[in-house]
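Asks: Predicted coordinates and the sequence they were generated for:
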Amino acid sequence: MSPQPVTDVPSGTTEASTITDRLVAAADSTADRLAAAADSTVDRLAAAADSTVDRLAAVADSTAEATPRLLTRFGGWLRSEHWLPQLIRFALVGGFSNIGYFLLFMACYAEGPQLANLTGSVVSTALANELHRRLTFHASDRVGWFTAQLEGGGLALAGLAISSAALAGLDYVAPGLSDTAEAAAVIAITAAVGTLRFITLRFWVF
């Protein structure tokens, strides 16, 4: 048998195969680069997150260490003899005495509202005077219990008389006030009487 002639591969097919190989190699290279870039970005983000967490933890630790010092300073200031801490203590004592009045009033209401009001007023006023002596003005070493009750009770009666007279005068001068306006007037009068009581207790009684 005679040998078969060798058929040449067309040049166009060879070029197409070469281009395909180059495209595949370029795609693989691009994919490798993108994967490397993604890994690097993830590593950087993780490092940044770890650094942020470390900084936040350090700030939290610093705040936790500073908080007791701030509370200690605030407590020392609140117990000081400056007028503003005394005014805060005065308001707190007033709030506690009002709660005591309410509880006593409710406990004695079965005996009649007048008796309940009298009992609540007397006991809550005596309690407030003693708390002012001990806590508000720190005067337990220089003002006796009887003096505090006598002068503080007198001031309480004077404040009650002033507020009652002011409300009566308000009803006479402006009888047509709305409920909101009258409530605002009561609050203003009570605040004014309370301020005068604080000033008098601070500079005269204690």
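Replies: Noted; the coordinates are in hand. Numbers count the residues shown, from 1 in each chain.
Asks: The one residue sitting closest to the centre of the chain: what's it in contact with?
Replies: Centroid-nearest residue in the chain: L71, 13.7 Å away (criterion: CA atoms, centre = their mean). Applying CB atoms under 8 Å, 6 or more residues apart in numbering, we find L71 in contact with no residue. For glycine as for every other residue, the C-beta is placed from the backbone atoms N, C-alpha and C.
Asks: What's the mean pLDDT across the helix or strand where it lies?
Replies: Using DSSP states H and E, L71 sits in helix 11-78. Helix 11-78 shows a mean pLDDT of 72.
Asks: next SSE after that helix?
Replies: helix 83-108.
Asks: next one: that next one to chain centre, how far?
Replies: 21 Å (CA atoms, centre = their mean, to the nearest Å).
Asks: again, but for stretch 54-61
Replies: Worked out by CA atoms, centre = their mean, stretch 54-61 lies 23 Å from the chain centre.
Asks: same check, this time on stretch 156-167
Replies: 35 Å.
Asks: residues making contact with that stretch?
Replies: By CB under 8 Å, 6+ apart, stretch 156-167 touches 125, 128-129, 185-186, 189-190, 193-194, 196-197.
Asks: rerun that using 6 Å as the cut-off
Replies: Here stretch 156-167 makes contact (CB atoms under 6 Å, 6 or more residues apart in numbering) with 125, 189, 193, 197.
Asks: Report the buried residues of stretch 89-100.
Replies: 89-90, 93-94, 97, 100 (16 or more other CB atoms under 10 Å).
Asks: Just send those back as CSV, with distance to L78 too.
Replies: Converted to CSV, the buried residues of stretch 89-100 look like this (distance: CB to CB, whole Å):
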residue, distance to L78
R89, 7
F90, 12
V93, 13
G94, 16
S97, 19
G100, 22
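Asks: now the nearest residue to L201 once chain neighbours are set aside, what's its secondary structure?
Replies: Spatially, and ignoring its direct neighbours in sequence, L201 is nearest to H132 (6.1 Å; CB to CB, 6 or more residues apart in numbering). Three-state call for H132 (DSSP: H, G, I helix; E, B strand; the rest coil): helix.
Asks: helices or strands up against the one helix or strand G120 maps to?
Replies: Assessed by DSSP H and E, G120 sits inside helix 113-131. Packing partners of helix 113-131 (3 or more CB pairs under 6 Å, 6 or more residues apart in numbering; DSSP states H and E): helix 83-108, helix 145-173.
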